[in-house]
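K.L.:
Could you work out the structure for the sequence below:
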Amino acid sequence: MIDKHARVYVAGHRGMVGSAILRALTARGYDHLIVRTSAELDLRDNRQVAEFFSETKPDYVYLAAAKVGGILANSTMPAEFIYDNLAIQTNVVHQAYLHGVNKLLLLGSSCIYPRDAPQPMKEEYLLTGPLEPTNEWYAVAKIAGIKMCQAYRQQYGCNFIAAMPTNLYGPNDNFDLQTAHVLAALLRRFHEAREQGTTPTLWGSGAPRREFLHVDDCADACLFLMDRYSDATIMNVGAGQEIAIAELAALVAGVVGYRGGLQWDRTKPDGMPRKLMDSSRIAALGWKPSISLRAGLAETYAWYQRFAGPQSTAIL
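P.N.:
Numbers count the residues shown, from 1 in each chain. Predicted coordinates:
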């Protein structure tokens, strides 16, 4: 178990995953947590990252900082997605090695797996086929981060591990319709449709199936792995259940209290037809999620109403 007085750096602590990890660490009594905003520390700048590691000397690192977004964001900003994520990972992983960090956990994504990977997706399916074109820039960057952790483990003996969460949602999600992932976008669209008396238009056909994990469950899994897992093999972190986007839309509409109809814009891409993680390896270690999708949606919508608001385009 990690010493509660160890110096723990959470990179990306204002994002959805990083803030959940920070909450979990605080709740469990860790008392030397290190955080920096992007204004205070640009993780894309190697000089700044080197100076930060030299000054703070973290013992453990949760690398949750990343440029993230949905299909629209990935399609319109491919250069930013690949450059920013490669730069962040390269700088943090390398400086963690140079400054003798005891352990680092890299957060990846289920989009690293091939578009037509067998379902549910096992860890060994990585690099066995072409990626989904709508998010390949982010996926390539994350795969590079995984391989970097494995390379530093192999050559230098670094205790660097990588966790691959499924689609996440929860407090501090991004509700900007230009960059949001599907669940946050649905919550906002149905909220605004209810408030304005309009009919929402959703992308695609509604047929793709997705798996969703509450971010607090993801954070719990990250702390679990930091305590109990050490291996080069990546680790899937999922909920073990999937739902069609059309069914999800109906569920979100019910949570929001929207009673009207909806339209599907079939000229827009669906993305991967199905994406379900095989999380049997982490389950065998003794971890499982605890928050149901319906309960998690209700909590997330309550957070959105309280802290984000229908006009928000930048969630801290």
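K.L.:
Might one say that Thr37 is in contact with Arg14?
P.N.:
Yes. Assessed by CB atoms under 8 Å, Thr37 is found in contact with Arg14 at 6.3 Å. All C-beta atoms are positioned from the backbone trio N, CA, C, and that covers glycine.
K.L.:
Which one's more surrounded, those two?
P.N.:
Neighbour count, other CB atoms under 10 Å: between Thr37 and Arg14, Arg14 has more, with 17 against 9.
K.L.:
How much space separates the more buried one from Val140?
P.N.:
Remark: distance between Arg14 and Val140 (CB to CB, to the nearest Å) = 25 Å.
K.L.:
Gln150 too?
P.N.:
Distance from Gln150 to Val140, by CB to CB: 16 Å.
K.L.:
now swap in Lys103 and tell me
P.N.:
Lys103 sits 25 Å away from Val140, going by CB to CB.
K.L.:
Kindly report the same for Ala64.
P.N.:
Ala64 is 19 Å from Val140, where distance means CB to CB.
K.L.:
okay, the two: which has more neighbours?
P.N.:
Shown here are Ala64 and Val140; by other CB under 10 Å, Ala64 has more neighbours (25 against 18).
K.L.:
Verify the contact between the more buried one and Tyr9 for me.
P.N.:
No. Under the criterion of CB under 8 Å, Ala64 makes no contact with Tyr9, lying 10.4 Å away.
K.L.:
the strands in the stretch 1-150 of the chain, which residues?
P.N.:
8-11, 33-34, 60-63, 103-107 (DSSP state E, counting those that start in this stretch).
K.L.:
So which of the ones you listed is nearest Leu177?
P.N.:
Nearest to Leu177 among these is strand 103-107; the distance by CB to CB comes to 24.1 Å.
K.L.:
Apart from its chain neighbours, what residue comes closest to the residue of the chain most remote from its centre?
P.N.:
In the chain, the residue that sits farthest from the middle, by CA atoms, centre = their mean, is Gly197; the gap is 32.4 Å. With sequence-adjacent residues excluded and distances taken as CB to CB, 6 or more residues apart in numbering, Gly197 is closest to Gly260, at 8.0 Å.
K.L.:
what do you get for Asp217?
P.N.:
Nearest one to Asp217, counting by CB to CB, 6+ apart, is Pro289 at 4.0 Å.
K.L.:
Contacts only, for the one you found.
P.N.:
Applying CB atoms under 8 Å, 6 or more residues apart in numbering, we find Pro289 in contact with Leu213, His214, Asp217, Asp220, Ala221, Ala239, Gly240.
K.L.:
for this structure, what helix or strand is lowest in average pLDDT?
P.N.:
helix 71-76 (a mean of 81; mean pLDDT, DSSP states H and E).
K.L.:
Now it - C-alpha only, PDB.
P.N.:
What follows is helix 71-76, C-alpha atoms only, in PDB (Å, rounded to 0.1, in the frame of the first residue of the first chain):
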ATOM      1  CA  ILE A  71     -16.200  12.700 -32.700                       C
ATOM      2  CA  LEU A  72     -16.600  16.400 -33.800                       C
ATOM      3  CA  ALA A  73     -13.500  17.600 -31.800                       C
ATOM      4  CA  ASN A  74     -11.300  14.700 -33.100                       C
ATOM      5  CA  SER A  75     -12.400  15.300 -36.600                       C
ATOM      6  CA  THR A  76     -11.800  19.100 -36.600                       C
END
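K.L.:
and that helix, what other elements does it pack with?
P.N.:
helix 136-156 (3 or more CB pairs under 8 Å, 6 or more residues apart in numbering; DSSP states H and E).
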